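Undergrad: Predicted model, plus sequence, below.
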Amino acid sequence: MDQYIIKGGNPLVGEVVIGGAKNAALGILAAAIMTDGECHIDNMPDVRDTNVLLQAMEQIGARIVRKGPNEVVISGQSIDGSGDLIVDNEYIRKIRASYYLIGALLGKYKKAQVVLPGGCDIGSRPIDQHIKGFEALGAKVEISRGMIIAEAEELRGTHIYLDVVSVGATINIMMAASLARGNTIIENAAKEPHIVDVANFLNSMGANIKGAGTDVIRIKGVEKFHNTSYSIIPDQIEAGTFMTAAVATKGDIMIRNVIPKHLEAISAKLIEIGAEVDEFDDAVRVVASKRLKSTQIKTLPYPGFPTDMQPQMAVALALSKGTSVITESIFENRFRYVDELTKMGANIKTEGNTAIIMGVERYTGARMSAPDLRAGAALVIAALAADGYSTIDQIGYILRGYEKFDEKLRSLGGLIEIADTEREVQKFKLRIG
């Protein structure tokens, strides 16, 4: 089984180019089947989640033409709307974003059967708000034999108030409502950058959506969509991951192809603990030449500090002076990386949704296992900052959301490779010395 083998101790220095946003791409790719025209999409991240979603779309009849690793042309014209439109295979069961196909198929064909979503085990992520939205639009929804089955004679615009802020439900309802008859208002909507990106993509196909990025989204239903060409926004979490990697390894990284405004919550915390963060039009430079200070963080929906950056920030704080506190208000299982970090010498205690982090001078290499996507990336950063060798198992989680992660880290001076046998691990150690 593939694992990362890493020798730590090198500051990460140089430039890295950030890819397209995974979370935006998943919504955009699903929405692309809502037109019989062609959607030409670029800056798509070439990661497992997007590739699995494209595979599932192809299985229900969508035409998918890969123009390159980050460019795809999609058309829904070849989908047979008279069939059952069942989305289910062993791969799609493992990704969370399978549920976006419900909103897309329900919007266009007024029916969908999609396997219940998988993804990382970071806590309870119910789909009740999705179902509430679909039902409010006039669909009948049931869960049977592990499938979500949604059907409607007609979708009608309505007023929907989300009980909790949900990115997935906001995107799903937005898609379905775009082809509904009449007007829809979504209140208490999520405001993340990828909500705005999916709305902009839908609008480029002919949708009429206003207010994305605020907590009230207004949608005027249209009859059909048309051709479009679209470029996905840069991935704020990939960018944030490299920002914290610079800090943890006492490095100096210029991170290109970013939207600095999307990174403000991360930048503010890094500046607060003593790192240098310089913003440019489409880049940020992060420098940390000395040991940094402690702070307090509470994860919140955008524009607050992102839950997807919490484990990476914990790695940096566990090497800082003093005691830091992280409160996780989004997902209850987000501290599963703590046991792995303590193998490296970190001093972290968790109580409920709070982690108390007492900074240590250094990490030492260890054998670890990635518990989920973002925690896996955090463990890689810790290993790069540690003395000695580390191995990280279960890297499939990491490959779900980071494109060419090891390659990009090597370009910054990180000593990291993928190995699938103990022999390859030993060869790496002999070569690196």
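TA: Okay, I see it.
Undergrad: what's the spacing between S166 and P306?
TA: 15 Å (CB to CB, to the nearest Å). For the C-beta atoms, the positions are set from N, CA and C on the backbone; glycine is no exception.
Undergrad: And A246, by the same measure?
TA: A246 is 18 Å from P306, by CB to CB.
Undergrad: do I185 as well
TA: Distance from I185 to P306, by CB to CB: 26 Å.
Undergrad: With neighbour numbers in mind, choose between the two.
TA: P306 (23 against 16; other CB atoms under 10 Å).
Undergrad: Send me the helix or strand that R285 is a member of as PDB with only the CA atoms.
TA: If you go by DSSP states H and E, R285 is part of strand 283-287. Only the C-alpha atoms of strand 283-287 are listed here, as PDB (Å, rounded to 0.1, in the frame of the first residue of the first chain):
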ATOM      1  CA  ALA A 283       0.200  35.600  -4.600                       C
ATOM      2  CA  VAL A 284       1.200  35.500  -0.900                       C
ATOM      3  CA  ARG A 285       4.700  35.100   0.500                       C
ATOM      4  CA  VAL A 286       5.000  33.500   3.900                       C
ATOM      5  CA  VAL A 287       8.300  33.600   5.900                       C
END
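Undergrad: is it true that T244 touches Q310?
TA: No. Judged on CB atoms under 8 Å, T244 makes no contact with Q310 at a distance of 10.4 Å.
Undergrad: from memory I33 sits against Q77, does it?
TA: No. Judged on CB under 8 Å, I33 makes no contact with Q77 at a distance of 9.3 Å.
Undergrad: So the two - more neighbours on which side?
TA: Per other CB under 10 Å, whichever of I33 and Q77 has more neighbours is I33, with 27 against 12.
Undergrad: who are the neighbours in contact with the more buried one?
TA: Going by CB atoms under 8 Å, 6 or more residues apart in numbering, I33 touches 57, 62, 74-76, 79, 101, 104-105, 108.
Undergrad: Buried among these? Make that a ChimeraX selection.
TA: Listed next is the ChimeraX selection for buried residues among the contacts of I33, using 16 or more other CB atoms under 10 Å:
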select :57,62,74,75,76,79,101,104,105,108
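Undergrad: could the contacts of I33 go into CSV alongside distance to Y337, pLDDT and secondary structure?
TA: Formatted as CSV, the contacts of I33 follow (distance: CB to CB, whole Å; pLDDT from 0 to 100; DSSP: H, G, I helix; E, B strand; the rest coil):
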residue, distance to Y337, pLDDT, secondary structure
M57, 32, 93, helix
A62, 36, 95, coil
I74, 35, 98, strand
S75, 41, 96, strand
G76, 39, 95, coil
I79, 40, 95, coil
L101, 30, 94, helix
A104, 33, 97, helix
L105, 36, 96, helix
K108, 40, 97, helix
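Undergrad: Could you measure from D387 over to K290?
TA: Counting by CB to CB - D387 and K290 are separated by 18 Å.
Undergrad: quick one: low-confidence ranges for the protein?
TA: 91, 118-125 (pLDDT under 70).
Undergrad: And the helix or strand hosting F428, how far out from the chain middle?
TA: If you go by DSSP H and E, F428 is part of helix 422-432. Taking the mean of its C-alpha atoms, helix 422-432 sits 32 Å from the chain's own mean (CA atoms, centre = their mean, to the nearest Å).
Undergrad: who touches that helix?
TA: Contacts for helix 422-432 (CB under 8 Å, 6+ apart): 3, 5, 7, 389, 391, 415, 417, 419.
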